[in-house]
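> Pasting a predicted model and its sequence here:
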Amino acid sequence: MTEESFSSRKEILGELLAGTNIYIVPPNQRDYSWGKEHFEDLWTDLIGAIQEDNYFFGSMILQNTPDPKKKIILDGQQRLATATVLFAVIRDGFNILKDPDNAKDIQKHYILDKIFKKEVRKLTLNLINKDFFYYCIQKDPNDKDAQNFKDYEKKNKLSKANKSLRNAYYFFKDKIEDEFKNKSGEERISFLTRLCTTLTDKFIIIKIQVGSEEEAYMIFETINERGLELSVADLFKNYLVRKAPEKDKDDVVRIWKDLLISLDDKIRPFLRHYWLSKIQLTTERQLFSKLKQYIETGKNSAKNFVKDLKEEATVYSELLNPDVQYWEDKQVFDLLKDFNVLNIKQCLPVLMSGRDKFNNKNFKKLLKLITNFSFRYSTICNLHNNILERKYSDISEKIRNSKIKTTDEVKDLLLDIYPDDNQFYDSFKMKELDNSSIARYILKKIDLACGSYKDTEKIDYETLSLEHILPKSPQDDWIKYFKEQGIKKKDLKQLIHRIGNKTLLDVNMNTEAANSYFAEKSDKYYKRSRLKINENLKTITQWNRKAIEDRQAELGKVAKTIWKI
């Protein structure tokens, strides 16, 4: 990234729009999507900023073009479009108040200028929004070819995105009219003036200009704010649409929209996992550059590439949000539910490859293998992720290329980084865990491993809740008891989150037990429990650090027999 192609600076909104720059949203970039909650936030901030010095309106990422006046908006179009709507409402308010000079100034500087009788739009939106935005928002209502909302709707069916723009206009119009109540004409003009100057002089934007999409992608990787996932998605989509032949462009856009729906707009991790699964190891920052190389060297067409993405996205989505009808196998469905409780994502490229190449029997074995390995390596031992990612990428590629054909071959490649029983047991004995879903998963698996239940005793684990024996909010008797053992209240948190301090109980029992002292819990609840995991709690008389550590050690002995590869 060179200094000449990348720059950032602080700029007020008035300077941004009043200059000679023209801002263009790429034709296939996402539609306008702000809703009432966004309008409410902006209005509240705007009113507050009237009394304040400055207001931060967010960042904008702009891509330079051969024409130095034209800037492509890669991120920030929602804010800029909404600001333009606000300027239009203020402009129309001045017209209604018979103040045409202020109305013309707003129109010329911030919405739509005329140079030698040629109109110059400050902002051009995408294909879906641009005409409605131009005729109904940007055009001065006094212009002969301007259209009001009703006239436009008679000729054109309004899309959801254009309805959002219309809603934005009416929202701000209603807010201003509310402010006008009990005000004189001069007071109304004064209020509109303050609104306008607050927008132009106090709304600060960080303007980031990049020379290429690769630079924009690197920026997206380092900025963490609302809309990031969609901005990354837009960047990929716009590139693919641009590279597609004219006849394929609409298909690429349509397929991409379907892809986003299946992924619930969480496309960035999918794209990288796709790449690791099918092509090669890469970092997130290199991903966009690798994609461009892949398309431009002719290894795949834009349309074929996005079709393949869609197919893989379906698998990816079903791995993370399994549906029993899709998998057509209750065991696979149950295994995936366990897998998702652990929230382990790095192994997804392996599972994507396995789903593609293995039969159902081998995929089931692979899923169990990967879940057990990940539980040992990541959940309990918390070992190095960078080593694991390289290993998973290597395995994924070998499965795709049919160099690996069985689950045993996957196991062989994992053995050199596999935590053995001693390492796993030592880590398990000391593990603190504040994730209730994972704790429930561990205790359920251990309970099932402690022995089978008769048909009449079958346990419905979904009806059980997680019980902290030493409560999360210990009362005075607990605090006094541990203080006598030399443990201060502030140090109790470590013991509370130990696996040995947790068990499963019927929901009603757990509610009744609440923060009770151990002796009462044991007599009233633990001794009534049918769970095998609670048998030892029936004989324990004192619940202290040693009891917690001893119980966790016993659970660990069972755990190392469950989570094996």
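Perfect, I can see it now.
> contacting residues around stretch 545-565?
For stretch 545-565, the external contacting residues (C-beta atoms under 8 Å, 6 or more residues apart in numbering) are 369, 372-373, 375-376, 380, 411, 414-415, 418, 421, 424-425, 428-429, 431, 442, 445-446, 449-450, 469-470, 485, 487, 495, 498-501, 533, 536, 540. Yep, even glycine has a C-beta here, placed from its N, CA and C like the rest.
> at 6 Å instead, please
If you take C-beta atoms under 6 Å, 6 or more residues apart in numbering as the criterion, stretch 545-565 is touched by 369, 372-373, 375-376, 411, 421, 424-425, 428-429, 445-446, 449, 495, 498-501, 540.
> From residue 406, how far out is the closest residue to residue 70 other than its chain neighbours?
Excluding the flanking residues, the one nearest residue 70 by C-beta to C-beta, 6 or more residues apart in numbering is residue 22, at 5.1 Å. Residue 22 is 59 Å from residue 406, where distance means C-beta to C-beta, to the nearest Å.
> of these two, who's got more company?
Neighbour comparison, residue 22 and residue 406: the larger count goes to residue 22, with 16 against 13 (by other C-beta atoms under 10 Å).
> For the more buried one, what are phi and psi?
Dihedral pair for residue 22: phi -120, psi 130, per degrees, to the nearest 10.
> Renumber starting at 585 from here on
Got it, first residue is 585 now, which makes that one residue 606.
> these two touch, right, it and residue 655?
No. Using C-beta atoms under 6 Å, residue 606 is not in contact with residue 655; the gap is 7.0 Å.
> What residues of the helix or strand containing residue 687 count as buried?
Using DSSP states H and E, residue 687 sits within helix 684-690. Within helix 684-690, the residues that qualify as buried are 686-687, 690, counting by 16 or more other C-beta atoms under 10 Å.
> helix or strand right after it?
As assigned by DSSP H and E, the chain's next helix or strand after helix 684-690 is strand 696-699.
> helices and strands around the following helix or strand past that next one, which ones?
The helix or strand immediately downstream of strand 696-699 is strand 702-705, counting by DSSP H and E. Applying 3 or more C-beta pairs under 6 Å, 6 or more residues apart in numbering; DSSP states H and E, one finds that strand 702-705 contacts strand 696-699.
> Show me what the strand it packs on is in contact with.
The contact list for strand 696-699 (C-beta under 6 Å, 6+ apart) reads 703-705, 722.
> tell me which residues of it are tucked away?
Burial within strand 696-699, assessed by neighbour count using 16+ other C-beta under 10 Å, is assigned to 696-697.
> Alpha carbons of that strand, in PDB - could you do that?
Output of strand 696-699 as PDB, limited to C-alpha atoms (Å, rounded to 0.1, in the frame of the first residue of the first chain):
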ATOM      1  CA  LEU A 696     -27.500  18.800  -6.900                       C
ATOM      2  CA  ASP A 697     -25.500  21.500  -8.700                       C
ATOM      3  CA  LYS A 698     -25.800  23.000 -12.200                       C
ATOM      4  CA  ILE A 699     -22.700  23.800 -14.100                       C
END
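> Name the residues of stretch 988-1002 that are buried.
Residues of stretch 988-1002 classed as buried: 988, 991, 994-995, 998, 1002 (neighbour count, 16+ other C-beta under 10 Å).
> Sorry, slip of the keys, the one I care about is stretch 977-991.
For stretch 977-991, using 16+ other C-beta under 10 Å, the buried residues are 977-984, 988, 991.
> Ok, stretch 848-864 next?
Neighbour counts using 16+ other C-beta under 10 Å place 851-852, 854-863 of stretch 848-864 among the buried residues.
> Kindly report the same for stretch 622-642.
Neighbour-count burial for stretch 622-642, counted by 16+ other C-beta under 10 Å, picks out 622-623, 626, 630, 633, 639, 641-642.
> Equivalent analysis for stretch 919-930, please.
Buried residues in stretch 919-930, counted by 16+ other C-beta under 10 Å: 919-920, 922-926, 928, 930.
> same deal with stretch 668-685?
Using 16+ other C-beta under 10 Å as the test for burial, stretch 668-685 gives 668-679, 681, 683.
> Stretch 739-749 too?
745-746, 748-749.
> for stretch 885-893, same thing?
For stretch 885-893, burial by neighbour count (16+ other C-beta under 10 Å) applies to 885-887, 889-891, 893.
> Which one among the residues you listed sits at the bottom for pLDDT?
The member of the buried residues of stretch 885-893 with the lowest pLDDT is residue 885, at 86.
> residues in contact with residue 1104?
If you count contacts by C-beta under 6 Å, 6+ apart, residue 1104 has none.
> so where does it fall, helix or strand?
Element membership of residue 1104, judged by DSSP H and E, is helix 1102-1108.
> Could you give the number of residues near the closest residue to residue 772 other than its chain neighbours?
Nearest residue to residue 772 in three dimensions, chain neighbours excluded: residue 764, at 5.1 Å (C-beta to C-beta, 6+ apart). Per other C-beta under 10 Å, the neighbour tally for residue 764 reads 17.
> Residue 764 and residue 774: what is the separation?
Relative to residue 774, residue 764 is positioned 11 Å away (C-beta to C-beta).
> And residue 1126, by the same measure?
Per C-beta to C-beta, residue 1126 is found 75 Å from residue 774.
> Next up, the contacts around the residue nearest in space to the middle of the chain.
The geometric centre of the chain, computed from its C-alpha atoms, lies nearest to residue 850 (C-alpha atoms, centre = their mean), at 5.7 Å. Contact partners of residue 850, counting by C-beta under 6 Å, 6+ apart, are absent.
> out of the buried residues of stretch 739-749, which are inside strands?
Nothing among the buried residues of stretch 739-749 maps onto strands, per DSSP state E.
> ok, those residues vs residue 873, which is closest?
Comparing the buried residues of stretch 739-749 against residue 873 with C-beta to C-beta places residue 745 closest, at 31.1 Å.
> doesn't residue 711 make contact with the closest one?
No. The pair residue 745 / residue 711 is not scored as a contact, 10.3 Å apart, by C-beta under 6 Å.
> Can you check my assumption that residue 658 lies in a strand?
Yes. Counting by DSSP: H, G, I helix; E, B strand; the rest coil, residue 658 is located in a strand.
> Just the pLDDT for it.
Looking at residue 658, the pLDDT reads 88.
> I'd like to know how far it sits from residue 833.
19 Å.
> same deal with residue 856?
Distance from residue 856 to residue 833, by C-beta to C-beta: 25 Å.
> what residue ranges in the stretch 585-734 of the chain score low on pLDDT?
585-589 (pLDDT under 70).
> tell me the helices in it, going along the chain?
In the stretch 585-734 of the chain, the helices defined using DSSP state H, counting those that start in this stretch lie at 597-602, 620-635, 661-680, 684-690, 714-716, 733-739.
> Mind checking those for the one nearest to residue 769?
Nearest of the helices of the stretch 585-734 of the chain (C-beta to C-beta): helix 661-680, 10.3 Å.
> which residues touch the closest one?
The contact list for helix 661-680 (C-beta under 6 Å, 6+ apart) reads 609, 616, 618, 642, 686-687, 690-691, 694-695, 707, 721, 752-753, 756-757, 760, 776, 779-780.
> From those, keep the buried residues only.
Using 16+ other C-beta under 10 Å, the buried ones in the contacts of helix 661-680 are 609, 616, 618, 642, 686-687, 690-691, 694-695, 707, 721, 752-753, 756-757, 760, 776, 779-780.
> Which residues does stretch 1014-1023 contact?
With contact meaning C-beta under 6 Å, 6+ apart, stretch 1014-1023 is reached by 925, 964, 1050, 1081-1083, 1086.
> can you redo those as CSV with secondary structure and pLDDT?
Below are the contacts of stretch 1014-1023 laid out as CSV (DSSP: H, G, I helix; E, B strand; the rest coil; pLDDT from 0 to 100):
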residue, secondary structure, pLDDT
925, helix, 94
964, helix, 96
1050, strand, 92
1081, coil, 92
1082, strand, 95
1083, helix, 96
1086, strand, 94
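> Buried among these? Need that as a selection in ChimeraX.
Here is the ChimeraX command that selects the buried residues among these (16+ other C-beta under 10 Å):
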select :925,964,1081,1082,1083,1086
